[in-house]
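Participant: could you look at this predicted model? Sequence included:
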Amino acid sequence: MFKFILRRSMGAVITLFLIGTVTFFLFLSGPSDYASLACGKDCSPARIESIRHAMGLDLPLFQQWWDFMSGIVMGRDFPTGHCSAPCLGVSYSSNELVWDTVVDRMPLTLSLTVGGLVVFLFIGLAAGMIAAYKKGTAVDKFATGASTVLSSFQIYLLGPLALLLFVWSTGWFENPKYYPFLENPFLWLAGLWIPILVMSTIFTAQYTRMARSELVQQLQEEHVRTARAKGMSKKYVFFRYAWRGSLIPILTVIGIDISSLLSGGVVTELTFSLHGLGRLAVDGATTKDLPLTMGVMLVSAFFILICNMVTDILYAYVDPRIRLS
Amino acid sequence: MRTFNKRTTRAIVVALAAGSLALTGCSSNDGGSKGESKAKTQDEAKKQQKPVQYADAAASNGPAAPVKGAKAGGTIKAYSETDLTHMDPGQIYVSDAGLWANLVHRGLTNFQEDADGNLTVVGDLATDSGKSSDDGKTWTYTLKEGLEDENGNPINSADVRHTIERQYAEFIFDGPTYLQTWLSGADYRKDLPDGGFKKKHLPDSVLETPDDKTIIFHFEKPQLDVPQMLTMPGYALVPEETDTKEKYDKKPVATGPYKIAEFKPGKSLKLVRNDKWKAESDPVRNAYPDAWEFEIGITGPTQTQRLIADQGDDKNAIQFTGSVDAPQIPKVVRDKKLRSRTVEGYQPYVWQLNFNLDRVKNKKVRDAITIGINAEAVLALDGGSYAGDPAPNYFAPTLPGYKADYDPYGRLKNPKGDVAKAKELLKDVPAEDKKIVYAYRNNELGQKQKATIESSLTSLGLDVVAKEVEAASFYEQIGKVDNPYDVYMTGWGQDWPSPSTVVTPVYDPSQLQDGSPNYSHIRDEKVQQLIDKALGQKPEEAAATWQEAHEYLLEEINPGAPLYYTKQLQLFGSNIGGARYSVESSYINVNDLFLKS
C-alpha cells in the first residue's frame, strides 16, 4: 500500500508539474497584453512598461515560468512583499496572494461538496437500492420516473425556484450564506441547506438510476442466482453479493463527481451568490488573471488526483481481485 | 470620471436581462410611470445644474444637519456586483469607489447636500472651502483642530503635502490628475518622480506648508474650481506615517467615520466605526449606522430580487451603485410600495459614438452618422427609457449650462435617426470615405451594441467593418493616438458640476497624447483658445465661453455623435431610513442613511 501511495504521489507531482507548465505557456502565448489590461486610466506607454516590469512580464518567458513553478515550492518575493510557499503568485486584478484567496474560498467549496455528497449518496443510493429490490413494483416505477424527471432539472432553474419559495416569497429562511462549520454547525447547515439540496438533486437522481441499474444487472448474474439457489435469503444475497458487485462502477463515478465538485460547482455558486473555487475560476478566466487561473487550476487538479488515488485504493477494498500492483 | 465599472456592471445586468427592451422602452402600459419618472429625474437634474456655493468656516463646522427621525446603530448591508477598483484614495477616480471613499476617507473639502439637493462646498478637513488670492492663483487652506486618523495620529499639513506629492509617484496611476497638472503641468511626474517619499518635496513656490495647520497652493494660472476639485475622493488624505505605497491600496488608513475591519477581495468588505472620527468636525456625514457590510458579487437581478422580496437582512440593505435590473423595472415602478423604496435621478454620463478625426476626415460622414444613427436602439440595450434619454448634445442634464433643446442634429425629433437625411448627406461622398472601422468591446453590452450600431450605420449606406477589442483594455486601445479605428463608443461624466471637467479632459488639444481621453484627437486651435479663455474666467463669464466651445465643437467639428444620457434607479430595503438620491454622487445618499429599527 505504501509503495502504491508513494508511486501515485510521485505521478501526481509530475502531472501537476505538466498541467502547470502547459497552462502557463498556453496562457502567455495568447494575444492579451496583461500589462495593458492591468493598466488604469493614465495609461501611457511608459506606464504600461512600468507595470510590465512590476509584473515580471518583461522577463524571458522561461524565467517567468521558472519563477512561478519554483515559487510553489520555495516562495517568492514581490514588490508588495514576500509570498511564502506554496506561492501561487499575486492576482493581477486584486493584488492579493492567490494562495490566500484560494484558502479563503476553499471551505465553501468543501462544504458544498461534502454536504452534497452526503445527500446524494444517502438518498440516491438508497432510492436506487429500494427500486432494484422492489423491481417492477409501483415503488420502482415511482423511483425511476422521479429520477428521470429530476435529472432533467438544472441548478439554474431549481435554484431561483427554491430561493423564491423558501426565501424571497415566504421569508422562511435567510439568503444562502456560508458560516464556518467549526464555529457553528447549525448556522452552517442553515446557511447552506438550500444550495446543497438543489445541487444534490440532479446527482441524487443520477445515482438512483445508476444504483438501480447496476443492482438489477448484478441480481441477474450467475453467482447471485447460485447463492439464492443455495437457499440464502434475498436480503443477504442482495447486500452481500449484488450490492458489493455493483460498487465498483459506482465508486468510479463518485470519484469523478467529487473531483468535479471540488474543482468548483460554479453554477451553484453563481446561482446562490456564494464565493467558492468555481466562481474564482470564472473570475480568473474572464479577467485574464493568469496567477489566479493557474492557482485554481492547480488546486483543482490536485484534488482530482487525490480523488483518483483514493478511488483506486477503495477498489482494492471493495474487490479483492483487484491488486494494487 | 470614466465609467468602466458602472458600465461593466450594467453590461452584465443587461446581458442577464434578455428582453429588457420590450419591458422598458417599448411597453405600452407604463406611459404614466415613465412620464412621472422623467419629470422626477428632470427635477433632480435641475438641482444638479445649480451653481455650487462655497461655504465659509461657520458652515464648515460639524455635525452634519440631522435627518428627522434618524437614529444611530445597526449594520447596513450594501450589495455590489463588482469589487471596488481601489481603496487607496490616490487611485480612486471612478464613481463606484468614490461613493465608498466618502465613508472612509476625508479630504480638504467636500460637497454638502441639503434635503433639496442644493450643493455647497464646505471645509471637510479644512476649516472652510478655501481662501483664494492673487486672482485665483493662490489658495490657502487651514486644517481643523483635533483631527486624527484611525490610529490616533494627529493630521497635519505635512500629511496633506504628502497626499499631494505621492500623486506624482509612478505607482499612483488611476486617480485624478487635475491638481498635479495645475501645479506642475501636464508632465508633472518629472517634477517629483519619487512622489516625495525620499524627502525631496515640491518647492514652496508650488506647495507651501508654513506651519502644522496651513497649506498653500500656488498655481501658474488662476484656478477657480479648486474647492470643487479638492472634493474628489482622489485627493482625500493619506497620512504620511502609515503610507505603505502599493500596499496601501489593500489597507488604507481611515480618516472618515468608518474604518476597514475586514476585506476579502471579490467577496466582502466590512466597515466599522472609526472612533477617532469626530462628528463635530464633519459637516457632511451623519454616519448613523455602526457598521457597513458590503456583499460583493451579487448580480443585478439578484440584488433586485432580494430587495423586492425585502425579507430578513435584506430589509437593511441597499443597492450601493447598482441599478434595478431592467426586466424588473416595470414591476418596481408600478408597485407603489416598491416605488416608495427607490431613489432615481440623472447621472452625469453622456454616451457618444466618437469619431477618430485623424481617420474620419470628411465632416459629411460624421454629420450623416450623427443624424442617421438609431440612438434609441442603442439606449434600449442599456435599459431603455428608465436607464437614460436620447442625448442631443455633449452636456448632460446634470451639468451647469445644459440646454435641453439644443439639438443641432435632430436627435430629439428623430431618436431613431433620420436615415433619409443622412443618405442625402452621403450622396456625394467618395466610396473610400464611406468605409468605417468600428471598434467595440467584447463584452455582452459591447457585442449587442455592435449588432445595433453596425446595422444602423449600414442602413445609411456605409461600409462598416466591426473590430472586436478586449473589454478590459478597450479604453487603453482607443486611447492610443495612432489607433486603427474610425468610430468607438465612449462615455464621460463631469467630475464636479462644471463644464471644465467635461470640455477640458475630453476635447482639449493640449492634452492629446496616448492614454488621454481626447479620443477624437481634436487639434483645433479655436477649441484650444476657448478652453484657455474659459479656464481663466470667473464662473459666470466662463459659462458663456464653455457654451460657445460646446456649440463650436458639436456643429463645426462634430467629434462624436451624442447618443444618450444615463439615469439611475436604485432599490433599498424597508428598514432603511433617510434614503434619497444624491445629486452630487448620482447614487443613493450614503451620508444620511439609518436603520429605522
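Facilitator: It's in. Numbering: from 1, shown residues only, chains lettered A, B, ... in the order given.

Participant: lowest-confidence helix or strand of chain A?
Facilitator: Counting by mean pLDDT, DSSP states H and E, chain A has its least confident helix or strand at helix A:34-38, which shows a mean of 73.

Participant: domain map for the chain?
Facilitator: Reading this off chain A. Structurally, chain A divides into domains by automatic domain parsing as follows: A:2-83, A:98-318.

Participant: um, chain B though
Facilitator: Taking automatic domain parsing as the reference, chain B has its domains at B:26-43+B:350-567, B:105-247.

Participant: okay, helices next: where are they in the stretch 351-500 of chain B?
Facilitator: Using DSSP state H, counting those that start in this stretch, the helices of the stretch 351-500 of chain B run over residues B:363-372, B:375-381, B:419-426, B:444-459, B:474-478, B:500-507.

Participant: out of those helices, which is closest to chain A?
Facilitator: helix B:474-478 (4.5 Å; CB to the nearest CB). C-betas here are computed from N, CA, C, even on glycine.

Participant: tell me which parts of the stretch 151-300 of chain A are close to chain B?
Facilitator: Contacts of the stretch 151-300 of chain A with chain B, taken as CB under 8 Å from any CB of the partner chain, map to A:160, A:163, A:167-171, A:174-175, A:270, A:273, A:275, A:279-280, A:283, A:287-288.

Participant: my guess is residue A:302 contacts residue A:12, does it?
Facilitator: Yes. Look at residue A:302 against residue A:12 with CB atoms under 8 Å: they come within range, at 7.4 Å.

Participant: what residue ranges in the chain score low on pLDDT?
Facilitator: Going with chain A. Across chain A, residues meeting the criterion (pLDDT under 70) sit at A:30-32, A:39-44, A:263-264, A:322-325.

Participant: switch to chain B, that's the one I care about
Facilitator: Counting by pLDDT under 70, chain B shows low-confidence ranges at B:1-50.

Participant: what packs against the helix ranked longest in chain A?
Facilitator: Determined from DSSP state H, the single longest helix within chain A is helix A:185-219. For helix A:185-219, the packing partners by 3 or more CB pairs under 8 Å, 6 or more residues apart in numbering or on different chains; DSSP states H and E come out as helix A:98-119, helix A:126-133, helix A:138-151, helix A:155-163, helix A:244-262, helix A:266-271.

Participant: any idea which helix or strand comes after that helix?
Facilitator: Once the chain leaves helix A:185-219, the next helix or strand it forms, by DSSP states H and E, is helix A:222-229.

Participant: need the contact partners of the helix or strand following that following helix.
Facilitator: Of the helices and strands lying after helix A:222-229 in sequence (DSSP H and E), the nearest is helix A:234-237. Contacts of helix A:234-237 from elsewhere in the structure, counted by CB atoms under 8 Å, 6 or more residues apart in numbering or on different chains, are A:224, A:227-228.

Participant: over to stretch B:507-521?
Facilitator: Contacts of stretch B:507-521 (CB under 8 Å, 6+ apart): A:41-45, A:47, B:2, B:186, B:354-358, B:476, B:478-481, B:488, B:490, B:492, B:504-506, B:522-525, B:527-528, B:531, B:549, B:553, B:559-560.

Participant: give me the buried positions along that stretch.
Facilitator: Counting neighbours by 16 or more other CB atoms under 10 Å in any protein chain shown, one finds that the buried residues in stretch B:507-521 are B:507-509, B:511-512, B:514-521.

Participant: how far does it sit from its chain's centre?
Facilitator: Stretch B:507-521 sits 19 Å away from the centroid of its parent chain (CA atoms, centre = their mean, to the nearest Å).

Participant: same check on stretch B:125-142?
Facilitator: Stretch B:125-142 has its C-alpha centroid displaced from the chain centroid by 25 Å (CA atoms, centre = their mean).

Participant: near chain A, which residues of the stretch 101-250 of chain B show up?
Facilitator: Listed as neighbours of chain A in the stretch 101-250 of chain B under the rule CB under 8 Å from any CB: B:170, B:173-175, B:177, B:246-247, B:249-250.

Participant: between these, which sits nearest residue B:313?
Facilitator: Distance to residue B:313, by CB to CB, is smallest for residue B:250 among these, at 26.9 Å.

Participant: so what's that closest one closest to, chain neighbours aside?
Facilitator: Nearest residue to residue B:250, sequence neighbours excluded (CB to CB, 6 or more residues apart in numbering or on different chains): residue A:95, at 6.5 Å.

Participant: what does residue B:409 give?
Facilitator: Excluding its sequence neighbours, the residue lying closest to residue B:409 (CB to CB, 6+ apart) is residue B:370, at 4.6 Å.

Participant: residue B:558 is in contact with that neighbour, correct?
Facilitator: Yes. Counting by CB under 8 Å, residue B:370 touches residue B:558, with 6.0 Å between them.

Participant: between those two, who's got more neighbours?
Facilitator: It is residue B:370, of residue B:370 and residue B:558, that has more neighbours when counted by other CB atoms under 10 Å in any protein chain shown, with 26 against 21.

Participant: the stretch 251-400 of chain B: strands as residue ranges?
Facilitator: Secondary structure of the stretch 251-400 of chain B (DSSP state E, counting those that start in this stretch): strands located at B:258-264, B:268-273, B:291-296, B:317-319, B:342-355, B:388-390.

Participant: determine which stretch of these is the most buried.
Facilitator: Of all the strands of the stretch 251-400 of chain B, strand B:317-319 has the most neighbours on average by mean count of other CB atoms under 10 Å in any protein chain shown, namely a mean of 27.

Participant: one step back: spatially, which two of the buried residues of stretch B:507-521 are the most separated?
Facilitator: For the buried residues of stretch B:507-521, the maximum inter-member distance is 16.9 Å, found between B:507 and B:514 (CB to CB).

Participant: dump the helices and strands packed on helix A:185-219 into a markdown table; add mean neighbour count and distance to residue B:568 as well.
Facilitator: Output for the helices and strands packed on helix A:185-219, formatted as a markdown table (neighbours: other CB atoms under 10 Å in any protein chain shown; distance: least, CB to CB, whole Å):
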| stretch | mean neighbour count | distance to residue B:568 |
| --- | --- | --- |
| helix A:98-119 | 20 | 32 |
| helix A:126-133 | 22 | 51 |
| helix A:138-151 | 15 | 42 |
| helix A:155-163 | 18 | 26 |
| helix A:244-262 | 19 | 39 |
| helix A:266-271 | 22 | 25 |
